[in-house]
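J.: Test case, fold it:
(one chain, ligands or ions: 1)
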Amino acid sequence: MIKYFRFIFIFSSLFLVGCSTTKKTAPINSTVPSLKEIFKNDFVIGTAMDTQQILGKDKSADKLIQQQFNAVTPENMMKAEVIHPGWNEYNFHYADMLVAFAAKNNIKVNAHTLIWHSQLPAYMQHNQDADSVKQYFENHISTVASRYDGKVYSWDVVNEALNEDGTLRNSIFLQKLGPDYIVDAFRLAQKASPHSKLYYNDYNIEQPQKRAGAIALIKKIQAAGVRIDGVGIQGHWNINNLPLKNIEESIKAFNALGIEVMFTELDISVLKNPWDNNTADISATAKGNAAMNPYKKNLPDSIQTKLTKAYSDLFTLFMKYKKDISRITFWGVDDGQSWLNNWPIAGRTNYPLLFDRNFKPKPAFYSVIATASKQ
Ligand code: 9MR
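T.: Sure thing, here's the model as predicted:
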C-alpha cells in the first residue's frame with residue numbers, strides 16, 4: 001500500500017510530463033493582490049513546487065508562483081530517494097532546475113530535506129549495518145549540502161525526528177547512529193554549507209509534548225556549539241481542529257531559543273481523517289469510501305466559509321507575531337496539487353490551499369490578504 005502510494009505521488013508526475021491535463025490552463029488575473037507584496041514587511045511567503053512546475057510544464061502554476069511567492073520548497077525532488085538514488089549515484093537534475101528557476105525569479109529556495117527516515121533510497125531501506133549508515137549519512141550530507149551551499153537560502157537539515165510524545169523516533173538513524181545523530185547532521189551541514197541557513201522541521205511540534213521534545217533537541221544542538229538557525233512548524237492542520245493556542249505558545253517558546261520560527265508546510269484539510277489524532281505521518285494510510293469523500297464535485301458554502309475563517313484566524317495570529325515569524329510556506333500552489341487529495345486516503349477531493357484547481361483565489365485567499373491591512 002505504502003509502495004503504491006509513493007509511486008503515485010513521486011513518479012506519476014515524472015511519467016506524466018508532457019501529457020496534457022484537463023486543468024491548469026486558467027489565465028492569472030493581474031488585478032489579484034500578491035501575497036508576497038502584501039506581506040513583504042512581515043514574512044517571506046513560500047510554496048512547495050512539484051515536478052511539473054520545476055520542469056516548467058505547468059505554465060499557469062509557474063506564473064502564479066512568480067506573482068504570489070518569494071520562496072519555494074521542492075515538494076519531493078531534493079529528497080534522498082530522488083537526489084541520491086544509488087550508493088555512488090546522485091541526480092541533481094531537478095534540484096539544479098529549481099535553483100535556476102528561483103535565481104531567475106528572485107525567489108529563495110528552502111531545500112528539503114537532508115536527513116529523513118522516509119523516502120530513503122532503496123539501498124538504505126534494508127538491513128544496513130552501522131558503518132554503512134554512517135558512511136551514507138556523511139556522504140549524503142556533505143555531497144548534497146555542499147553542492148547547493150549559498151545557492152539555496154536554507155536547508156531542512158533534519159525532518160520529523162520526533163514522536164508525538166517528544167521522544168526520538170525509532171528511525172534507522174537512531175538505531176544505527178545513536179541519539180547524537182541529529183547534532184552530527186547539523187555539524188556536517190554546517191561544514192558543507194556555511195552560507196545557507198540550517199533548520200529543524202517537523203509536524204505537530206506546536207503540541208505541548210512534541211514541542212518540549214523539539215525544544216530539548218534544539219537546546220542540545222546549541223549546547224554542542226553547532227549552528228541551528230531556525231525551526232519549521234509544518235502546519236498540516238484540519239478545519240475542525242486548528243490549534244491556535246498551541247501555535248501561539250509555540251511561537252513564543254521557539255522564539256525564546258533565539259532562532260527563526262517558520263510555518264513550512266501549511267495546509268488546512270477540510271476532510272475528516274479516519275482517526276482522531278492529527279498526524280502528517282505519511283505511513284498512516286487507510287481505505288476510503290464515498291462517505292469519506294463528501295465534496296467530490298464542489299465545496300459547500302458552509303465549509304468554504306469555515307475554511308475562510310480558519311485562514312483568517314491563523315493569519316491574524318501570524319500578524320500578531322510577525323516580528324517573530326520569518327516565513328510562511330503553503331504546501332502546494334493550488335488545491336489540485338495538494339498531497340491531501342491522496343492522503344491518508346487515496347483519490348479524495350480536498351480544498352486545503354488558497355487557490356482552487358483553476359488557480360483562482362478562493363475566499364480564504366482574500367481573508368488572508370485582509371489580515372494584513374488590520375495591523
Ligand atoms: O507532499 C509530499 C508528497 O507528494 C509525497 O508523496 C510525500 C512522501 O512522503 O511527502 C509529502 O511531503 C511531506 C514532506 O516532505 C514532509 N512533511 C509531510 C509532508 C506531507 O506528507
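
J.: Low-confidence ranges, the stretch 251-375 of the chain, go.
T.: 276-280, 282, 284, 286, 375 (pLDDT under 70).

J.: hmm, I was thinking of the stretch 101-250 of the chain
T.: The model of the stretch 101-250 of the chain has pLDDT under 70 over residues 127.

J.: Which parts of it are strands?
T.: Assigned by DSSP state E, counting those that start in this stretch, the stretch 101-250 of the chain shows strands spanning 108-115, 154-159, 197-202, 230-233, 236-238.

J.: Same list (these) but as TSV, adding distance to residue 186.
T.: Using the backbone N, CA and C atoms, a C-beta is placed for each residue, glycine as well. Shown next, in TSV, are the strands of the stretch 101-250 of the chain (distance: least, C-beta to C-beta, whole Å):
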stretch	distance to residue 186
strand 108-115	9
strand 154-159	5
strand 197-202	6
strand 230-233	12
strand 236-238	24
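
J.: Now mean neighbour count and distance to the ligand too, for those strands, in CSV please.
T.: Compiled in CSV, those are given as follows (neighbours: other C-beta atoms under 10 Å; distance: least, C-beta to the nearest ligand atom, whole Å):
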stretch, mean neighbour count, distance to the ligand
strand 108-115, 25, 6
strand 154-159, 27, 6
strand 197-202, 25, 7
strand 230-233, 25, 9
strand 236-238, 21, 6
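
J.: Contact residues of the stretch 51-200 of the chain facing the ligand?
T.: Applying C-beta under 6 Å from any ligand atom, we find that the stretch 51-200 of the chain lies next to the ligand at 75, 76, 118, 119, 159.

J.: so where do the helices sit in the stretch 151-300 of the chain?
T.: In the stretch 151-300 of the chain, the helices defined using DSSP state H, counting those that start in this stretch lie at 172-177, 181-192, 208-223, 244-255.

J.: Flag every buried residue along the third one.
T.: What that stands for is helix 208-223. Within helix 208-223, the residues scored as buried using 16 or more other C-beta atoms under 10 Å are 210, 211, 213, 214, 215, 217, 218, 220, 221, 222.

J.: for the last one, same thing?
T.: Of the residues in helix 244-255, those buried under the neighbour-count criterion (16+ other C-beta under 10 Å) are 246, 247, 250, 251, 253, 254, 255.

J.: Can you tell me which of these is closest to residue 194?
T.: Residue 194 lies nearest to residue 254 out of the buried residues of helix 244-255, by C-beta to C-beta, at 23.5 Å.

J.: thinking again about what came up before, got TSV for the buried residues of helix 244-255, with distance to the ligand too?
T.: Shown next, in TSV, are those (distance: C-beta to the nearest ligand atom, whole Å):
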residue	distance to the ligand
246	18
247	17
250	17
251	20
253	21
254	18
255	22
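
J.: Distance of the nearest residue to residue 247 once chain neighbours are set aside relative to residue 48?
T.: Distances taken as C-beta to C-beta, 6 or more residues apart in numbering put residue 206 closest to residue 247, at 4.8 Å, once the chain neighbours are dropped. Noted for residue 206: a distance of 19 Å to residue 48, by C-beta to C-beta, to the nearest Å.

J.: What is the end-to-end distance of stretch 149-165?
T.: Across stretch 149-165, the terminal residues are separated by 34 Å (C-alpha to C-alpha, to the nearest Å).

J.: can you pull the pLDDT of residue 96?
T.: Here the pLDDT value assigned to residue 96 is 98.

J.: neighbouring contacts of the helix or strand harbouring residue 304?
T.: Assessed by DSSP states H and E, residue 304 sits inside helix 301-320. Contacts of helix 301-320 from elsewhere in the structure, counted by C-beta atoms under 8 Å, 6 or more residues apart in numbering, are 42-43, 237, 239, 242, 244, 247-248, 263, 268, 270, 295, 299, 325, 328, 351, 354, 362-364, 366-368, 370-372, 374-375.
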